[in-house]
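[1] What follows is a predicted structure for the sequence shown.
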2 protein chains.
Amino acid sequence: MDDVTSGEGQFVEEMGQFLASLGMTPMAGRMWGWLLICDPPEQTAADIAEALHASRGAISGTARLLATSGLIRRTTRRGDRREYFSAPPEGLDSLLGNAAGIYRQMRGIAERGLAAIAARPVESRARLQEFHDVMAFVELEVPKVISGFLAQRDRRTS
Amino acid sequence: MDDVTSGEGQFVEEMGQFLASLGMTPMAGRMWGWLLICDPPEQTAADIAEALHASRGAISGTARLLATSGLIRRTTRRGDRREYFSAPPEGLDSLLGNAAGIYRQMRGIAERGLAAIAARPVESRARLQEFHDVMAFVELEVPKVISGFLAQRDRRTS
DNA sequence: TCGACCGTTCAGTATTGACTGAAACTTCTG
DNA sequence: CAGAAGTTTCAGTCAATACTGAACGGTCGA
């Protein structure tokens, strides 16, 4: 993937820009995108640094971020001091879980806001109350949809 | 809302930080948050600028952003040259719609990536294919859940 | 037509933060 | 233990960008 104009390079870069627009760093998106399409699927830090034209430091920090958020997995092999990174299927679960967490965050903000204006008459709180109710509903229902899909998929593949 | 340590000020600031973490500007979050709790619900640009301690230029640009994305509404009154801003209930629909659009974007990226590696053997494309399938499913199902809730709510309030 | 009032635009500023690269640290091998 | 290979840390740099504030433009009333 030494050519950034290749299809693979474009995919990696696009994923970087996209995850960056969602609050992650561009490097996180590039690294995850690369791990989704690379061959072999397990790559060392040096492999990734070369493929993305990035420094070792950036790879190290980004790998920590992605690993703690569950998007990538780090494995080791005995007799080999290097670490191998890969994008396992469970990474998708984490991604969707994080997305669902956004709704939880918004509900929390709405609740604290409602507490702050609790003394006001009901009609003055209606907008924020509605916002809270919608978020609470979505927070509850979206994970159901996702787990339904995952269950269906697991049934199919087993 | 001249005191940023008040409950209302904290809510506004929290909303600002949150929407900023999602790719919008902090000012957009503050303005929307303020319009969710302000009294009266309709406010002029000068009102908002004073409440948020922001410049008129910032209000102008942010208002355009929020209005085009459907989060706020701008209204005028005859005999009054000023514009009035408010956070209508439909703003929530827009917000959820944008959230659903994220899944569509991810599916699009996955499709372009799959096209780029179409020549590879199937097992090498499995990770990206799975990513694509999950996104396509969520893109399809999440709007169903949301419209179900909105229909139920409209039935209740009418 | 002038003047007051609103809204928009835009160059400038300050801040944030992503990435680099070298040094420090850790861990395995000979 | 010595040395090499790999990883992490961190100070510094650079680019992106959110916001300010002044100048501009448009619109209505007198």
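    Sure, I can see it.

[2] okay, CA-based contacts and neighbour counts for the rest of this
    Noted.

[3] out of everything not next to it in sequence, what's closest to the most centrally placed residue in chain A?
    Nearest to the mean C-alpha position of chain A, counting by Cα atoms, centre = their mean, stands residue A:95 at 3.9 Å. In space, and not counting its chain neighbours, residue A:95 is closest to residue A:71: 6.8 Å by Cα to Cα, 6 or more residues apart in numbering or on different chains.

[4] What separation do you get for that neighbour and DNA strand D?
    Separation of residue A:71 from DNA strand D (Cα to the nearest atom of the strand, to the nearest Å): 15 Å.

[5] Check whether that residue really touches residue A:96, as I assumed.
    No. Using Cα atoms under 8 Å, residue A:71 is not in contact with residue A:96, being 10.3 Å away.

[6] quick one, which of the two is more surrounded?
    Legend: neighbour count by other Cα atoms under 10 Å in any protein chain shown for residue A:71 and residue A:96, higher for residue A:71 (21 against 17).

[7] Briefly note if stretch A:13-27 comes near DNA strand C.
    Yes. Stretch A:13-27 lies within reach of DNA strand C by Cα under 7 Å from any atom of the strand, at A:23, A:24, A:25, A:26, A:27.

[8] so which of the residues you listed comes closest to residue B:80?
    Residue B:80 lies nearest to residue A:23 out of these, by Cα to Cα, at 40.4 Å.

[9] For that closest one, grab the count of nearby residues.
    When neighbours are counted by other Cα under 10 Å, residue A:23 comes out with 14.

[10] And for residue A:78?
    6.

[11] That one and residue A:63: what is the separation?
    21 Å (Cα to Cα, to the nearest Å).

[12] Kindly report the same for residue A:114.
    For residue A:114, the distance to residue A:63 equals 38 Å [Cα to Cα].

[13] and if you look at residue A:45?
    In this view, residue A:45 and residue A:63 are 9 Å apart by Cα to Cα.

[14] tell me the contacts of residue A:87?
    A:32, A:35, A:36, A:41, A:71, A:72, A:73, B:127 (Cα atoms under 8 Å, 6 or more residues apart in numbering or on different chains).

[15] Residue A:127 - how many residues pack around it?
    Neighbours of residue A:127 (other Cα under 10 Å): 19.

[16] Test my guess that residue A:114 contacts residue A:125.
    Yes. Residue A:114 lies in contact with residue A:125 (Cα under 8 Å); the separation is 7.3 Å.

[17] Confirm the residue nearest to the centre of chain A sits in a helix?
    Yes. Looking at residue A:95 with DSSP: H, G, I helix; E, B strand; the rest coil, it is inside a helix.

[18] of all the residues in chain A, which ones are close to DNA strand D?
    Residues of chain A lying close to DNA strand D by Cα under 7 Å from any atom of the strand are A:44-46, A:56-58, A:60-61, A:63-64, A:81-84.

[19] Show me which pair in the residues you listed is furthest apart.
    A:58 and A:81 (19.7 Å).

[20] near DNA strand C, which residues of chain A?
    Counting by Cα under 7 Å from any atom of the strand, chain A comes close to DNA strand C at A:23-28, A:53-58, A:79-81.

[21] Any buried residues in stretch A:6-15, and which?
    By 16 or more other Cα atoms under 10 Å in any protein chain shown, the buried positions in stretch A:6-15 come out as A:7, A:8, A:9, A:10, A:11, A:12, A:13, A:14, A:15.

[22] Then stretch A:133-140?
    A:134, A:135, A:136, A:137, A:138, A:139.

[23] next one: stretch A:73-89
    Using 16+ other Cα under 10 Å as the test for burial, stretch A:73-89 gives A:73, A:74, A:84, A:85, A:86, A:87, A:88, A:89.
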